[in-house]
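>>> Next one to model:
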Amino acid sequence: MQDTVNINDRFTIAKFAPTSEQIESAARQGFRSIINFQTGEEVKADHMTPDEEARVAGQAGLKYLHQPVDVATLSDELVDRFRSKAAELPTPVLAHCASGKRAAAMVMMHVACEEGMDGDTAIATAQDSGAEIGSSEIEHFVKDYINRRNA
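Have a look, this model is predicted:
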């Protein structure tokens, strides 16, 4: 799938909000779950709503998790809830938001905590894979979250 970044054998980041055809294609390619980090308010005319995406994912045989992330309300508690839910999803997982940045940040916090990485290593791993975390503010949050959880 184009415009995707493999973080590891369990998580791939899509740098776009997928269409129904792309979700069906992901299922055919072996993905078993999809995570949508978009908020309901940011859905554009050409994007599916979270409910529509859940329906399409279910019809394609994928587990679906909608975990809306707004940078303004990003918190340890939000990431902890996501990590708990993500740990239960069948893999491999295709994760997305509108651009892939929030998806990369959230997935990297999960992966780094599971693998015992420090914050700097997690950011370098994301960058080496081609994932973009986003603003320096988000990058700082990601590093701090990982370092606090893996201390």
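
>>> Helices of the protein, start to end?
20-28, 50-59, 76-86, 101-115, 119-129, 136-149 (DSSP state H).

>>> The shortest one packs against which elements?
Counting contacts by 3 or more CB pairs under 8 Å, 6 or more residues apart in numbering; DSSP states H and E, helix 20-28 is packed against helix 50-59. C-beta here means a position set from N, CA and C on the backbone, and glycine is covered the same way.

>>> So for this protein, which residue is the most central one in space?
The residue lying closest to the centre of the chain (CA atoms, centre = their mean) is residue 103, at 3.1 Å.

>>> From residue 59, how far off is that residue?
From residue 103 across to residue 59, the span is 22 Å (CB to CB, to the nearest Å).

>>> re the thing from before, among the helices of the chain, which is the most enclosed?
Ranked by mean neighbour count, those are led by helix 101-115 with a mean of 24 (mean count of other CB atoms under 10 Å).

>>> what sits up against that helix?
5, 7-8, 10-11, 13-14, 35, 37, 67, 69, 71, 79, 82-83, 86-87, 95-97, 117-119, 121-123, 125-126, 131-134, 138-139, 141-142, 145-146, 149-150 (CB atoms under 8 Å, 6 or more residues apart in numbering).
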